[in-house]
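> The following comprises the amino acid sequence and a computationally predicted model.
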Amino acid sequence: MPKNATSAPPSRGFTIIEMSVVLVVIALIVGAAAVGRDLYRSARAERFSSDFVQAWLLAYDRFVAGTGTVPGDSFDNPTGLVAGGTNRFVCDLDLQNAMLAAGVTLPEGRGEGLANRYVYQDARGNPQDVRVCVGAVDWAEPAGSVGSFALRPRNVMRFEGLTPSLAATLDAKLDGRVDPLRGRFREVGRQNALSTPTPPQPWSADDRANLGGGTNPDDQVALVQGYLRMSQ
């Protein structure tokens, strides 16, 4: 029988070359998204470090230089520890008023009355609120021999409301590596560890964890707290 001139041509599938091109394009798009996300996190951490962390370190040092003591300590009989002892913290208006009374200019923070707070967006686009306080805690330091540690009281800044990725990035920036048990920047509750696990342990959560548990990717990211040891 003669062929129908109006019949549709036989269908043709993708060739291996065409499928390879599509896969390469998809890989490039995914890679670009990952690079963009990493650049965003890096820029966010850099801004947080310079605009907030370093600003509060400078304010603290100016307070000590101007008063000869640390916030909350006795002027007549100083102990050298914030608030006069360990596990006592000066926060919010008490911290800000102490700085202002000593003639120290406050970091910008979130504005008047909220200078010790900083707002940023996490990797999921949710707003997070960081709060800084100053205090003193027991701090594990090398003692006597390699691998031996002892607890000594040290003044610290406590940063609350950090996402795990921001905490790890700040840790690497301050200490040159990510280690929540050692260095100048440590995770709250692990600053007094007297043994060092091998290999070094990560922070106790990552950005895949949710604050309230569960697996919903739209929920708020789990948060951690960090201690930054002061030089005085």
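It's in.

> So for residue 200, what's the pLDDT?
Looking at residue 200, its pLDDT is 77.

> what's downstream of the worst-scoring helix or strand of the chain on mean pLDDT, the next helix or strand?
Scoring the helices and strands of the chain by mean pLDDT, DSSP states H and E places helix 16-48 at the bottom, with a mean of 66. Helices and strands here follow DSSP states H and E; after helix 16-48, the next one along the chain is helix 54-67.

> Go ahead and flag the most central residue of this protein.
residue 167 (2.3 Å; C-alpha atoms, centre = their mean).

> For that residue, pull up the helix or strand it's in.
Taking DSSP H and E as the definition, residue 167 sits inside helix 164-175.

> What is the burial count for the residue nearest to residue 151 when sequence neighbours are not counted?
Leaving aside its sequence neighbours, residue 151 sits nearest to residue 138 (C-beta to C-beta, 6 or more residues apart in numbering; 4.2 Å). Just so you know, the C-beta spots here come from the backbone N, C-alpha and C atoms, and that holds for glycine as well. When neighbours are defined as other C-beta atoms under 10 Å, residue 138 has 14 of them.

> what's the helix or strand for residue 138?
strand 127-142.

> Quickly run through the sheet partners of that strand, with directions.
Sheet pairing of strand 127-142 (DSSP bridges) gives strand 88-90 (antiparallel), strand 117-121 (antiparallel), strand 149-162 (antiparallel).

> can those go into CSV with extra columns for mean pLDDT, distance to residue 105 and mean neighbour count?
Shown next, in CSV, are the strands paired with strand 127-142 (pLDDT from 0 to 100; distance: least, C-beta to C-beta, whole Å; neighbours: other C-beta atoms under 10 Å):
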stretch, mean pLDDT, distance to residue 105, mean neighbour count
strand 88-90, 97, 18, 18
strand 117-121, 93, 16, 17
strand 149-162, 97, 17, 19
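
> between these, which one is nearest to residue 229?
Between residue 229 and the strands paired with strand 127-142, the shortest separation by C-beta to C-beta is 5.3 Å, and it involves strand 149-162.

> Tell me how far residue 155 lies from residue 178.
Distance, residue 155 to residue 178, by C-beta to C-beta, to the nearest Å: 23 Å.

> What of residue 118?
Applying C-beta to C-beta to residue 118 and residue 178 gives a distance of 21 Å.

> what does residue 138 give?
Residue 138 is 23 Å from residue 178, by C-beta to C-beta.

> just residue 227 next, same as before
Counting by C-beta to C-beta - residue 227 and residue 178 are separated by 15 Å.

> Neighbour count: these two, which is higher?
residue 227 (24 against 17).

> doesn't residue 58 make contact with residue 99?
No - taking contacts as C-beta atoms under 8 Å, residue 99 lies outside contact range of residue 58: 11.0 Å.

> The strand holding residue 138 - what's its average pLDDT?
pLDDT averaged over strand 127-142 gives 96.

> Identify each buried residue in it, please.
128, 130, 131, 132, 133, 134, 135, 136, 137, 139, 140 (16 or more other C-beta atoms under 10 Å).

> Report the angle between that strand and helix 164-175.
40 degrees (axes from the mean of the first three to the mean of the last three C-alpha atoms, to 10 degrees).
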